[in-house]
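> coords below, sequence missing:
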């Protein structure tokens, strides 16, 4: 599965986020800063990490998540940019700015 992880976006995304969460909770602060400073946005532990992994994993196939959790947005978009997951995250404001109604009209911005 690891070689074809994008063929299984839901289980892969859940597994990756859950494992990152486990690691973020166990790594010591000094080691995090010394060895993984460039991955601070991925290894910042939060009490909702496993719930986030479950929610994001469920919707991973659709490719888009709308949330106002800026830490989760940063984490998902970083993993998406690295081509590790399909799903990208946006704020509610971002989604509203980009939305055009299905009737062909364009919203006034």
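On my side now, so go ahead. Just so you know, these numbers come straight off a predicted model, no measurement behind them. Numbers count the residues shown, from 1 in each chain.
> Kindly list the longest helix within this protein.
Taking DSSP state H as the criterion, the chain has its longest helix at helix 9-26.
> Counting neighbours, which bits of that helix end up buried?
Buried residues in helix 9-26, counting neighbours by 16 or more other C-beta atoms under 10 Å, are found at 9, 10, 12, 13, 14, 15, 16, 17, 18, 20, 21, 24. For every residue, glycine as well, the C-beta is placed using N, CA and C.
> now for it, which elements pack on it?
helix 49-59, helix 70-81 (3 or more C-beta pairs under 8 Å, 6 or more residues apart in numbering; DSSP states H and E).
> try it again with 7 Å
Helix 9-26 makes packing contacts with helix 49-59 when contacts are defined by 3 or more C-beta pairs under 7 Å, 6 or more residues apart in numbering; DSSP states H and E.
> average pLDDT across the helix or strand following the helix it packs on?
As assigned by DSSP states H and E, the chain's next helix or strand after helix 49-59 is strand 64-66. On average, the pLDDT along strand 64-66 is 92.
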